[in-house]
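Q: Quick one: sequence plus predicted model below, questions after.
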Amino acid sequence: MKKIVVLGSLNMDFVIRVKERPGVGETVLGENVRLVPGGKGANQAYAAGKLGGAVAMLGAVGEDGYGEQLCQNLRSVRVDTKGIRKLGNVPTGQAFVSVYDSGDNSIIVIPGANGELSREMIEQEMGCIDECDYIVMQMEIPLDVIRYVKEMAVRKGKKVVLDPAPAVAGLEDEFWKGITILKPNETELGILTGKRPKTQEEIKDAARSMVEKGVETVIVTLGEKGCLLVDAKKEEYFPVHKVKIKDTTAAGDSFIAALVVALCEGKTYEEAVVFAQRVSAIVVTRQGAQTSIPWRREMEEEQTWG
């Protein structure tokens, strides 16, 4: 089986349920608060493990209860956590997630140990990277680490998957060369390109501009409108089945994990996108981040594969 390394953030999420987004200066009452393992990197590693992938996680947590809980949670779905560093001088990352009755959310992230991840730490885990086929990254860790690992992975012939969240504007064109898959949502694509696309044609043009900069395949997730795949040869739109949305937290993370697991199993891009959409469709009908991600056997029972 092909192997996946996820390099990214690990956070303890404080998930607050509230009826609607407060206005500036407005105080509203929340319904409840829950502590849920999260972080975009950890969510993606957890999802890939739960969906049957061979996964290792690289990242950093603090030497505290939250950090240990996050590592134990990943191990529960067979994610290799030997590459997660435990740092004594900073706390584990935290995220404060407000989930509204509409199903939308707002997130504030306190990086903590995630912000201390360094090239030197990554160099000590080179064996893990050498053994993998896909490297999946997000942008909740230092940009210089992402740039370093991307360049190294390209030299080593690895497939590089980047989830540009939170998106960073104004990155040099060289940064994008060699990336196998870029998976932004509409907002992130606008930040990356500076074009703020609104219509489907504008989204296609913006995605194609990233291909022209050296990205092999761009997959733009469009929420309830589906997603768009653009590469050098084609543009393909994938509609999505309508579901009753409860919480969109981790929908994008589960999409990218499912996509890479499917590609590791030899599926085509088209088959992998359909599988990823179906996983995400289940995630948004449940509450929480990692707690909302389905097991592979659930997908097979629902006959959602291919």
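A: All right, it came through fine. Numbers count the residues shown, from 1 in each chain.

Q: Wait, F255 touches Q277, no?
A: Yes. F255 lies in contact with Q277 (Cβ atoms under 8 Å); the separation is 7.1 Å. All C-beta spots, glycine's among them, are computed from the backbone N, C-alpha and C.

Q: what about the helices in the stretch 51-200 of the chain?
A: Ranges of helices in the stretch 51-200 of the chain, per DSSP state H, counting those that start in this stretch, are 65-75, 119-123, 126-131, 143-155, 186-193, 200-212.

Q: Which one, of those, ends up nearest to E174?
A: E174 lies closest, by Cβ to Cβ, to one member of the helices of the stretch 51-200 of the chain: helix 143-155, at 9.2 Å.

Q: Pick out whichever of F255 and Q277 has more residues nearby.
A: Per other Cβ atoms under 10 Å, whichever of F255 and Q277 has more neighbours is F255, with 27 against 20.

Q: could you dump stretch 84-98 to CSV, C-alpha only?
A: Taking only C-alpha atoms (Å, rounded to 0.1, in the frame of the first residue of the first chain), the coordinates of stretch 84-98 have been written out as CSV:
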residue,chain,number,x,y,z
ILE,A,84,5.1,14.3,16.5
ARG,A,85,7.5,16.3,18.6
LYS,A,86,6.6,17.2,22.2
LEU,A,87,7.9,20.6,23.2
GLY,A,88,8.3,21.7,26.8
ASN,A,89,8.4,25.5,26.3
VAL,A,90,5.0,26.0,24.6
PRO,A,91,1.4,24.7,24.9
THR,A,92,-0.4,22.6,22.4
GLY,A,93,-2.2,24.6,19.8
GLN,A,94,-5.8,25.5,20.4
ALA,A,95,-8.7,26.5,18.2
PHE,A,96,-11.9,28.2,19.2
VAL,A,97,-14.6,27.2,16.7
SER,A,98,-18.0,28.9,16.7
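
Q: Show me what the lowest-mean-pLDDT helix or strand in the chain is packed against.
A: Taking mean pLDDT, DSSP states H and E as the measure, the helices and strands of the chain show their lowest mean at helix 296-301, namely a mean of 83. Here helix 296-301 touches helix 269-283, going by 3 or more Cβ pairs under 8 Å, 6 or more residues apart in numbering; DSSP states H and E.

Q: got the contact list for the helix it packs on?
A: Residues external to helix 269-283 that are found in contact with it (Cβ atoms under 8 Å, 6 or more residues apart in numbering): 47, 51, 217, 219, 226-227, 229, 236, 238, 240-241, 243, 250-252, 254-260, 262-263, 267, 292-294, 298-299, 302, 304-306.

Q: filter these to the buried ones?
A: Buried members of these, scored by 16 or more other Cβ atoms under 10 Å, are 47, 51, 217, 219, 227, 229, 238, 240, 250-252, 254-260, 262-263, 267, 292-294, 299, 304.

Q: quick one, the helix or strand where I256 lies and helix 269-283 angle?
A: Using DSSP states H and E, I256 sits in helix 251-264. In terms of direction (axes from the mean of the first three to the mean of the last three Cα atoms, to 10 degrees), helix 251-264 departs from helix 269-283 by 140 degrees.

Q: So for helix 251-264, mean pLDDT?
A: Here helix 251-264 scores 95 as its mean pLDDT.

Q: Any idea how far the least confident helix or strand of the chain is from the middle of the chain?
A: Offset of helix 296-301 from its chain centre (Cα atoms, centre = their mean, to the nearest Å): 21 Å.

Q: hmm, back to that, could you dump the helices of the stretch 51-200 of the chain into a markdown table with distance to V109 and mean neighbour count added?
A: What follows is those, written out as a markdown table (distance: least, Cβ to Cβ, whole Å; neighbours: other Cβ atoms under 10 Å):
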| stretch | distance to V109 | mean neighbour count |
| --- | --- | --- |
| helix 65-75 | 14 | 18 |
| helix 119-123 | 20 | 14 |
| helix 126-131 | 25 | 14 |
| helix 143-155 | 15 | 17 |
| helix 186-193 | 15 | 20 |
| helix 200-212 | 24 | 18 |
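
Q: can you list these in TSV and add distance to T81?
A: Formatted as TSV, the entries for those read as follows, by distance: least, Cβ to Cβ, whole Å:
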stretch	distance to T81
helix 65-75	5
helix 119-123	14
helix 126-131	11
helix 143-155	18
helix 186-193	28
helix 200-212	32
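
Q: and of those, who's closest to D104?
A: helix 186-193 (12.2 Å).
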